[in-house]
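S.K.: no sequence for this one, just the structure:
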């Protein structure tokens with residue numbers, strides 16, 4: 001009697017491989033990996049296949065940065081000056097804004113008064129007795145590299161708020177709101193205003209009004225370029241239709257804002273606003289001894305991670321990846337990816353098949369395995385930062401934010417992060433069911449059906465493999 005067949009059956013029962021019976025997904029790539037909290041395999045399929053992850057990439061970035069820095073860490077932006085302050089209150093020197101990679105300065109996600117930091121900076125300058133500045137206001141964003149966006153992001157995304165760059169100095173979520181006005185169907189959209197005011201940007205609009213309520217406007221433009229082109233359509237007969245774009249040069253924008261605010265407060269500033277990048281390009285950057293006026297601290301890292309995962313905030317994720325890089329070779333996307341992979345490799349997790357191009361998942365060239373996600377998430381179970389990390393994930397069936405698993409027995413029992421764009425839908429996270437705990441990653445790529453079909457398939461897989 002052949003004893004191999006019963007043995008194979010036993011292995012399949014212990015580690016089931018489910019094949020989709022959904023004909024609508026027969027051309028799609030489906031891979032998943034599910035374990036219990038000890039890492040024992042519950043179910044798997046092509047778990048070593050590298051697939052496009054979209055925003056579930058953020059779980060890797062946030063887990064790693066929590067491990068490296070700790071949840072109570074805060075990032076700083078420091079207001080400084082060099083030179084001397086004379087008896088008449090004249091600063092013979094420059095005002096500096098020294099950034100340390102804080103993505104939250106003036107962020108709408110934390111501050112009721114987004115200009116509170118600016119008010120405190122003005123108070124600090126007044127307290128120091130500065131009544132006039134014979135120099136300039138300089139933003140020093142040298143903490144990170146100057147390549148704000150990943151080279152692997154697509155051109156269509158650049159210029160939109162969700163593709164804003166991550167820099168050593170950032171402010172107001174590196175975004176502005178652009179207000180448009182439209183007439184009848186077929187009319188050309190008009191630019192009304194921006195908030196905050198972006199005087200330097202030249203907008204060219206190709207947006208037309210149509211007879212629907214959809215927003216298909218996208219803003220196109222390169223980092224540091226003050227030219228922005230608008231494409232797409234907007235609803236007809238709108239007097240104030242808002243879309244969001246990225247601030248092209250946040251460091252220069254903030255230096256200009258501070259200079260204007262000083263002048264408004266009666267403090268004259270002789271020189272123009274500038275930045276480390278611009279001075280370095282002109283070979284005019286000079287190091288000097290500086291005195292701190294005040295430091296503005298970010299919310300805790302745990303709070304930043306919560307926003308990053310709950311809101312799927314690309315900007316925060318990219319800053320956090322560069323902070324990971326600062327623990328290694330430097331504050332860049334490339335060094336951040338290297339440091340992230342090295343961190344988990346040093347802890348016994350294979351990084352084979354992990355090809356990251358950013359920290360947020362926006363690049364379609366990202367490719368990561370379900371196995372890597374689950375291995376990292378299982379390591380996080382043993383971390384002192386696990387409570388912060390787990391709570392940063394969405395709750396299944398949350399009536400305010402999530403329909404995932406809402407009508408199933410796993411409602412309120414899963415914490416997860418989703419990721420999606422055209423032809424891609426992925427979920428990773430944890431399930432706690434009574435006294436049993438599970439970790440999962442389910443990834444579907446290359447489907448041409450509605451996302452609801454792929455979502456139903458992912459729910460079906462989890463309902464089949466998670467024991468009752």
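M.R.: Structure's in. What do you need? Small disclaimer: the values here were computed from a predicted structure and weren't measured.
S.K.: residue 193 bridge partners, please.
M.R.: Beta-bridge partners for residue 193, by DSSP bridges, are residue 179.
S.K.: how deep is it tucked in, by neighbour count?
M.R.: 13 (other C-beta atoms under 10 Å). Using the backbone N, CA and C atoms, a C-beta is placed for each residue, glycine as well.
S.K.: can you check residue 205 too?
M.R.: Counted with other C-beta under 10 Å, residue 205 comes out at 19.
S.K.: and it, how far is that from residue 467?
M.R.: Distance from residue 205 to residue 467, counting by C-beta to C-beta, to the nearest Å: 56 Å.
S.K.: ok, and for stretch 289-301, which residues are buried?
M.R.: 290, 293-294, 296-301 (16 or more other C-beta atoms under 10 Å).
S.K.: grab the most central residue of the protein for me.
M.R.: residue 314 (2.0 Å; C-alpha atoms, centre = their mean).
S.K.: how about that one, nearest residue that isn't a chain neighbour?
M.R.: residue 360 (4.0 Å; C-beta to C-beta, 6 or more residues apart in numbering).
S.K.: and if you look at residue 191?
M.R.: residue 203 (5.1 Å).
S.K.: same check, this time on residue 320
M.R.: residue 65 (4.5 Å).
S.K.: follow-up on the earlier one: residue 145: which of the buried residues of stretch 289-301 is nearest?
M.R.: residue 298 (20.0 Å; C-beta to C-beta).
S.K.: from what I can see that closest one touches residue 76, true?
M.R.: Yes - Residue 298 is in contact with residue 76 according to C-beta atoms under 8 Å; the separation is 7.3 Å.
S.K.: mutual contacts of these two, please.
M.R.: Each of residue 102 lies in contact with both residue 298 and residue 76 under the rule C-beta atoms under 8 Å, 6 or more residues apart in numbering.
S.K.: wait, residue 255 touches residue 276, no?
M.R.: No - look at residue 255 against residue 276 with C-beta under 8 Å: they stay out of range, at 9.9 Å.
S.K.: and the pLDDT for the residue nearest to residue 393 when sequence neighbours are not counted?
M.R.: The shortest distance from residue 393 to any residue other than its chain neighbours is 4.0 Å, reached at residue 415 (C-beta to C-beta, 6+ apart). pLDDT, residue 415: 97.
S.K.: which segments of the protein make up each domain?
M.R.: 4-72+301-465, 76-146+250-296, 161-246 (automatic domain parsing).
S.K.: re earlier: thought the residue nearest to the centre of the chain was touching residue 157?
M.R.: No - counting by C-beta under 8 Å, residue 314 sits too far from residue 157 to count as a contact (9.5 Å).
S.K.: shared neighbours, those two?
M.R.: Contacts common to residue 314 and residue 157, judged by C-beta under 8 Å, 6+ apart, are 163, 362.
S.K.: so what's the residue nearest to residue 191 up against?
M.R.: So residue 203 contacts 178, 191, 228-230 (C-beta under 8 Å, 6+ apart).
S.K.: just residue 100 next, same as before
M.R.: Per C-beta under 8 Å, 6+ apart, neighbours of residue 100: 75-78, 143, 168.
S.K.: my guess is residue 165 meets residue 225, correct?
M.R.: No - taking contacts as C-beta under 8 Å, residue 165 lies outside contact range of residue 225: 11.6 Å.
S.K.: what about those two, which has more around it?
M.R.: More crowded of residue 165 and residue 225, by other C-beta under 10 Å: residue 165, with 24 against 13.
S.K.: not counting sequence-adjacent ones, nearest residue to that one?
M.R.: Residue 165 sits nearest to residue 148 (C-beta to C-beta, 6+ apart), 2.2 Å away.
S.K.: kindly report the same for residue 330.
M.R.: Closest to residue 330 by C-beta to C-beta, 6+ apart is residue 145, at 6.9 Å.
S.K.: re earlier: next one: phi and psi at the residue nearest to the centre of the chain?
M.R.: phi -60, psi -40 (degrees, to the nearest 10).
S.K.: name the SS class of the closest residue to residue 278 other than its chain neighbours, please.
M.R.: Closest residue to residue 278 apart from its sequence neighbours, by C-beta to C-beta, 6+ apart: residue 252 at 6.9 Å. Of the three states, residue 252 takes helix under DSSP: H, G, I helix; E, B strand; the rest coil.
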